[in-house]
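> just coords:
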């Protein structure tokens, strides 16, 4: 009898312990998120955390489980998730045909209500690049444009003025080298910045970005003179010592750190690094002296500095198979209501929505606004992101080989053209 | 006599089923799927298009990067077996000749790289090799040997050797541990008997110790070859194959093709060949070390 009473009491205790747990877990929602913003305490990552905190305040039953990686690992992770049907509920991704289209084609991302987002002050053209067959699949986060960040103090110490031409840039190399610092750095390990720069230099010779699409569509060829000239110039820049000596093993974090720790005078990167002066992990002397300028023109070239490599790359997408699809959409709408305000207020990012500039904006923010408003024409998506994933990989690999001196400019453009031909023929 | 519950066919079936299921789902099914995908041009998602032997034809006859990665993996295996293992054996033999108490700090130091995370080890060496701020070039310059400085991981002449060095450095502790443990099991009386018969120094090792340790040597060699063939993490984290595929290794190439190029069919074909090569090399190593000639 005593044994039965004991068992009865134990069962009662177990039930009493389980009931609140079950009740609590019934309406508790864990939203899986993913992005390419590993730093959650500064710049853009911190803004996302603020938005999430505001959202959870309004939805106390929701918690976020976010995973963040740098660009390349995140893209690889998404491919793995897509293959195994484990995409996050909401994630930050890219509008490029190499990345978004395969997900859309496989019905992995949900269509979004175009009319709702049209009313949210997006810059013309930004929503359109996220549309496939007239349907919206991604909401653009930011305007991306290609610039050179620089450290004013290091420029002054080396006696270098802001380069107006590529020749000025090349002339600055020995001055920085004499000071024992790398003139310029970028993410050479992943190589996409080199691919974007190759597009940019090609335009500086030809005076038009349209030959890039022409070469992809096979109306033009990557072996045409402007591409060979652009490739030669990029190789000469590397050979002359413009970049840090370990460029090809410097990934995004390493190169950014080299610039932030004042061991490199310039940082070749996109406008998404607008928040770099707010990064507390860098010394104050860096944060007080960082600014940005346009990719210079080339003496005798047809392109001008106002011909701007610019596109709308980053976006947010909604998992079509998410358990919390409605809530995910609600989150995305909330995100884009708060993002242009908080993102600009924290000077963390250059949003794809209209913002109110202020005299208190950081020097980098002012410089970026100036660069974009001086743009004469814009490029649209960089060539490596306009074709197939295989073309993108080839582009990045080949440009690395060009910079390493393994390929001549002629061999590089020939191999790139072969890859474009394969992509165009569906191989 | 009543049969034990464990000898009844029903019980055996019930007990064996979970293990068989695990083997089927975790090993047999993925391998079968991989072989199936190797005959397709699947991109990871979307339609799966069967293309027969096209992937294998392309790999074997039109893919120089495959041969380069295989060559690099074999080069690494040769260096592992030809340099790392003999040095590890030599150091282990020296350590067995000194009292255990004194050899312990050395063993710990040699084994530390093996217990460190591969990411840490690789990033450590990438930083040491960095021509911008790396310790190696700075030390060489400090010693007046500036002429020897290089962009170790990005120069086509030094990159593959630098990667191989990292791999060898990281794996040295394991080889040492195996050999040290093996050497400690050699019976003292066996050595003493041989010494009475006149064996000493090299001949003692050549005629007594090494033949006695043949199973250990064989195991270390096989593990070494397999780990060389599957070398991926250090390559991925240091050079990812650059410059110009000079540091590309087989396992990393499989990953790049499958996940960067989204050519899953091709990647699977590469991994099928990879398994065949690994099994063949393991068999050859086992055969050749079965009757190792006396030194």
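Now that the structure is in, tell me what you want to look at. Keep in mind that what you see is a predicted model, and the values were worked out from it rather than measured. Residues are numbered from 1 along each chain as shown, chains lettered A, B, ... in the order given.
> Near residue 216, how many other residues are there?
I went with chain A, as the question did not name one. Each residue near residue A:216 was counted by other CB atoms under 10 Å in any protein chain shown, and the total is 17. The way it works is simple: take the backbone N, C-alpha and C, and place the C-beta from them, glycine included.
> actually chain B
Residue B:216, neighbours per other CB under 10 Å, totals 17.
> How about residue B:245?
When neighbours are counted by other CB under 10 Å, residue B:245 registers 19.
> Pull the contacting residues for residue B:162.
By CB atoms under 8 Å, 6 or more residues apart in numbering or on different chains, residue B:162 lies in contact with B:125, B:129, B:152, B:153, B:238.
> Can you narrow those down to the ones near chain A?
Near chain A, judged by CB under 8 Å from any CB of the partner chain, the entries from those are B:129, B:153, B:238.
> Tell me, what's the model's pLDDT at the second one?
Which is residue B:153. Predicted confidence (pLDDT) for residue B:153: 93.
> before we move on, which element is it in?
Using DSSP states H and E, residue B:153 sits within no helix or strand.
> For the residue of the stretch 1-150 of chain B found nearest chain A, give me the pLDDT.
Per CB to the nearest CB, residue B:131 is where the stretch 1-150 of chain B lies closest to chain A, at 3.7 Å. We have a pLDDT of 89 for residue B:131.
> same thing with residue B:60?
96.
> tell me the phi and psi of it?
phi -80, psi -30 (degrees, to the nearest 10).
> Tell me, how many residues neighbour residue A:71?
Using other CB under 10 Å, residue A:71 is surrounded by 18 other residues.
> show me the contacts for it.
By CB under 8 Å, 6+ apart, the neighbours of residue A:71 are A:36, A:190, A:192, A:252.
> out of these, which are buried?
A:36, A:190, A:192, A:252 (16 or more other CB atoms under 10 Å in any protein chain shown).
> Show me the domain layout of the chain.
Unless you meant another one, I'm taking chain A. A:30-140+A:313-351, A:145-310+A:369-424 (automatic domain parsing).
> look at chain B instead
Split by automatic domain parsing, chain B gives B:1-34, B:38-290.
> ranking the ones you listed by burial, who's on top?
Among those, domain B:38-290 has the highest mean neighbour count (mean count of other CB atoms under 10 Å in any protein chain shown), at a mean of 17.
> centre of the chain versus that one, how much separation?
Relative to its parent chain, domain B:38-290 has a centroid offset of 4 Å by CA atoms, centre = their mean, to the nearest Å.
> Highest mean neighbour count out of the domains of chain A?
domain A:145-310+A:369-424 (a mean of 20).
> Report the separation between the two terminal residues of that one.
End-to-end span of domain A:145-310+A:369-424 (CA to CA, to the nearest Å): 27 Å.
> Chain B: which of the contacts of residue A:71 is nearest?
Of the contacts of residue A:71, the one sitting nearest to chain B (CB to the nearest CB) turns out to be residue A:190, at 8.5 Å.
> Contact partners for that closest one?
Contacts of residue A:190 by CB under 8 Å, 6+ apart are A:71, A:72, A:251, A:252, A:396.
> can you map out the strands along the stretch 101-250 of chain A?
A:131-132, A:135-136, A:139-140, A:144-151, A:182-185 (DSSP state E, counting those that start in this stretch).
> Please report phi then psi for residue 64.
Since no chain was named, I'll use chain A. When read as degrees, to the nearest 10, the backbone of residue A:64 gives phi -110, psi 140.
> um, chain B though
According to degrees, to the nearest 10, residue B:64 has phi -60, psi -30.
> if we can go back for a sec, include pLDDT when you put the contacts of residue A:71 into a markdown table, please.
What follows is the contacts of residue A:71, written out as a markdown table (pLDDT from 0 to 100):
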| residue | pLDDT |
| --- | --- |
| A:36 | 94 |
| A:190 | 92 |
| A:192 | 95 |
| A:252 | 92 |
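> Restricted to helices, list those.
A:192, A:252 (DSSP state H).
> Next up, the contacts around residue A:317.
Residue A:317 touches A:90, A:91, A:93, A:100, A:103, A:109, A:110, A:137, A:138, A:139, counting by CB under 8 Å, 6+ apart.
> Can you classify it as helix, strand or coil?
Counting by DSSP: H, G, I helix; E, B strand; the rest coil, the backbone at residue A:317 sits in strand.
> On the pLDDT front, check it for me.
The model's pLDDT for residue A:317 equals 97.
> That one pairs with what?
Beta-bridge pairing for residue A:317 (DSSP bridges): residue A:91.
> how close does it sit to chain B?
According to CB to the nearest CB, to the nearest Å, residue A:317 and chain B sit 15 Å apart.
> for residue 70, what are its contacts?
I'll assume chain A. Residue A:70 makes contact with A:36, A:38, A:251, A:252, A:253, according to CB under 8 Å, 6+ apart.
> meant chain B, my bad for not saying
By CB under 8 Å, 6+ apart, the contact list for residue B:70 reads B:250, B:277.
> Does it lie in a helix or a strand, and which?
Using DSSP H and E, residue B:70 falls in helix B:64-79.
> if we can go back for a sec, any chance of a markdown table for the strands of the stretch 101-250 of chain A, columns mean pLDDT and distance to chain B?
Output for the strands of the stretch 101-250 of chain A, formatted as a markdown table (pLDDT from 0 to 100; distance: least, CB to the nearest CB, whole Å):
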| stretch | mean pLDDT | distance to chain B |
| --- | --- | --- |
| strand A:131-132 | 95 | 14 |
| strand A:135-136 | 96 | 18 |
| strand A:139-140 | 96 | 22 |
| strand A:144-151 | 96 | 16 |
| strand A:182-185 | 97 | 6 |
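> right, and those strands - which one's nearest residue B:48?
Closest of the strands of the stretch 101-250 of chain A to residue B:48 is strand A:131-132, at 22.3 Å (criterion: CB to CB).
> elements contacting the very next helix or strand once past the helix holding residue B:70?
Using DSSP H and E, the helix or strand that follows helix B:64-79 in sequence is helix B:85-96. Counting contacts by 3 or more CB pairs under 8 Å, 6 or more residues apart in numbering or on different chains; DSSP states H and E, helix B:85-96 packs against helix B:100-115, helix B:159-185, helix B:214-229.
> just for chain B, where's the confidence low?
Applying pLDDT under 70 to chain B flags residues B:1-3, B:290-295.
> Chain A contacts on that one?
Going by CB under 8 Å from any CB, the residues of chain B near chain A are B:43-46, B:126, B:129-134, B:151, B:153-154, B:156, B:238-246, B:256, B:259-264.
> any idea how far the residue nearest to residue A:378 when sequence neighbours are not counted is from chain B?
Residue nearest to residue A:378 in three dimensions, not counting chain neighbours: residue A:310, with 4.0 Å by CB to CB, 6 or more residues apart in numbering or on different chains. Distance of residue A:310 to chain B, given as CB to the nearest CB: 26 Å.
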